[in-house]
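**Q** Prediction below, plus the sequence it came from.
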Amino acid sequence: MSEYFKNIPKIKYEGKNSDNPMAFKYYNPDEVVGDKTMKEHLKFSVAYWHTFTGGGVDPFGSATMQRPWDHITDPMDKAKARVDAAFEFFDKLGVEYFCFHDRDIAPEADTLAETNKRLDEIVKLIKDRMASSGVKLLWGTASLFTNPRFMHGAATSCNADVFAYAAAQVKKAMEITHELDGAGYTFWGGREGYETLLNTDMKLELDNMARFLHMAVDYAKEIGFKGTFYIEPKPKEPTKHQYDFDCATVLGFLKSYGLDKHFKFNIETNHATLAGHTMQHELHFARINGMLGSVDANQGDMLLGWDTDQFPTDLYVTTLAMYEILKNGGLHSGGLNFDAKPRRTSFEPEDMFYAHIAGMDAFARGLKIAHKMLSDGKLEKFVQERYSSFTKGIGADIVNGKVGFKELEQYALNNTITNTSGRQEVLEALVNQYILGDL
Ligand code: XLS
Ligand code: NI
Ligand code: NI
């Protein structure tokens, strides 16, 4: 087997004073934080699409990425080379999970039957590599947005033939995910949304999306796939309005169609910010509703209004994300999938490594800071005290359903109100102290 990243060694932990860019400064896989090792807490995953098929195109320019498989012209030979390169990459980086879309791993052919045959060939290869390396599939998914047939959407297309095609594609994608023992399967609503309501039957589109998901749930049962189903919210891009806008919108949708018990969320940082939320907000909302499943770990550029999918390096964000994840008792069958790509000017193969190292270090540090925040308990205690009026007296009566408007009116007529400060700035300074302090 040829080596694709020849000058790159296995990436090691060298500690915070290392000036070697090909080394971890904070991610020390076997270091124990609380009750688990960093590796167990973080469960990093490489996104096949950005890392092995992404070329660096943007709306104004073509591909810039230089990859060691570029010279291969036959599409299936190229797909096979990418598999070898991928497993070399996972091994050198020390990442134990990956995620893919069906079309990332095998190129589409002229017919669906031929495309499925190609997929089977590559899946066989991947299965062998997984067995010999111990690398696992975090989740699989289907690309229901790249091919022009999906111009109007997939499950929400106005064209019933497209709905049928999308169903056939997801059926196959679920089968290969199952074959590779995937821990989950993700639904990101590629083009499930609309450009203008002037040509859209929103009710039928939403009903059809629910029908589609019910069919997926039924089929999982039929084939014995026990992995977690994730929905990945995103508010816009490519359509003006994506139906899976944010966690709150999706939860409402799932509940009104009786689907909520079958799904969890795969939450992406850049999608959270596009929806006008912090990542912490989305994770927190999912957590308190028992819906926090997995994370697409990236970040956006706050000055650009699209999904730039940058590697996560903002410590404030990784810290507060890990805070929510730890409070959730971890991600269970989920993980931290780098749905991220190096900038198109970071086009050399080394940049694939540097980018992942930067993200892994930022999350490793975030984990340690968040663990300290939780074991000190100062923030949690503050919140608890802030709401302590609901643990006694009239507050306890409200919570326990003992009083109604009449009793509360009596109470309000006979009592005066004293408020206390929310101390936001004190708390922000405290978080900074944790980030900057010794761990
Ligand atoms: C696109 C999405 C996509 C999903 C998988 O914005 O993030 O990459 O994660 O289809
Ligand atoms: Ni994503
Ligand atoms: Ni995205």
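**A** That came in fine, so what should we check first? Computed from a prediction, not measured in an experiment: that's the story for all the values here. Ligands and ions are numbered 1, 2, ... in the order given.

**Q** ok and the residue in the stretch 151-300 of the chain nearest ligand 1?
**A** W188 (3.6 Å; C-beta to the nearest ligand atom). C-beta coordinates here come from the backbone N, C-alpha and C atoms, glycine included.

**Q** in the sheet, who's paired with that residue?
**A** E232 (DSSP bridges).

**Q** Quick check: it vs ligand 2, distance?
**A** 6 Å (C-beta to the ion, to the nearest Å).

**Q** Correct me if wrong: that residue contacts K234.
**A** Yes: if you go by C-beta atoms under 8 Å, W188 and K234 touch, sitting 6.7 Å apart.

**Q** who has more neighbours, the two?
**A** K234 (27 against 23; other C-beta atoms under 10 Å).

**Q** mind listing what that one touches?
**A** Residues in contact with K234 (C-beta atoms under 8 Å, 6 or more residues apart in numbering) are 188-189, 242, 244-245, 268, 271, 274-275, 307.

**Q** for G437, same thing?
**A** Counting by C-beta under 8 Å, 6+ apart, G437 makes contact with K372.

**Q** Return the subset of the contacts of K234 lying in strands.
**A** 188, 242, 268 (DSSP state E).

**Q** ok, how many other residues are close to A355?
**A** With other C-beta under 10 Å as criterion, A355 counts 22.

**Q** Can you give me the buried ones in whichever strand or helix holds it?
**A** Counting by DSSP states H and E, the element that carries A355 is helix 349-376. By neighbour count on 16 or more other C-beta atoms under 10 Å, the buried set for helix 349-376 is 349, 351-353, 355-374.

**Q** Likewise for stretch 175-185?
**A** Neighbour-count burial for stretch 175-185 [16+ other C-beta under 10 Å]: 175-180, 182-185.

**Q** Name the residue of the stretch 101-250 of the chain that lies nearest to ligand 2.
**A** Proximity of the stretch 101-250 of the chain to ligand 2 (C-beta to the ion) peaks at E232, 5.4 Å away.

**Q** What's the separation between the residue of the stretch 151-300 of the chain found nearest ligand 2 and G34?
**A** Distance from ligand 2 to each residue of the stretch 151-300 of the chain (C-beta to the ion) is smallest for D296, at 3.7 Å. From D296 across to G34, the span is 24 Å (C-beta to C-beta, to the nearest Å).

**Q** S256 too?
**A** 38 Å.

**Q** Over to K25?
**A** 21 Å.

**Q** cool, F382 as well?
**A** Using C-beta to C-beta, we find F382 at a distance of 21 Å from G34.

**Q** Equivalent analysis for C247, please.
**A** As defined by C-beta to C-beta, C247 lies at a distance of 26 Å from G34.

**Q** Dihedrals phi and psi, the spatially most central residue of the chain?
**A** Centroid-nearest residue in the chain, with C-alpha atoms, centre = their mean: D296, separated by 2.1 Å. Note on D296: its backbone torsions stand at phi -90, psi 100 [degrees, to the nearest 10].

**Q** now swap in T186 and tell me
**A** Backbone dihedrals for T186, given as degrees, to the nearest 10, come out at phi -110, psi 140.

**Q** didn't it look like it was pressed against E232?
**A** Yes: at 5.6 Å, T186 counts as touching E232 under the criterion of C-beta under 8 Å.

**Q** so what sits against both of those two?
**A** N266.

**Q** can you give me the end-to-end distance of stretch 60-69?
**A** 24 Å (C-alpha to C-alpha, to the nearest Å).

**Q** right, I mislabeled it, should have said stretch 189-196
**A** Length of stretch 189-196, first residue to last, C-alpha to C-alpha: 17 Å.
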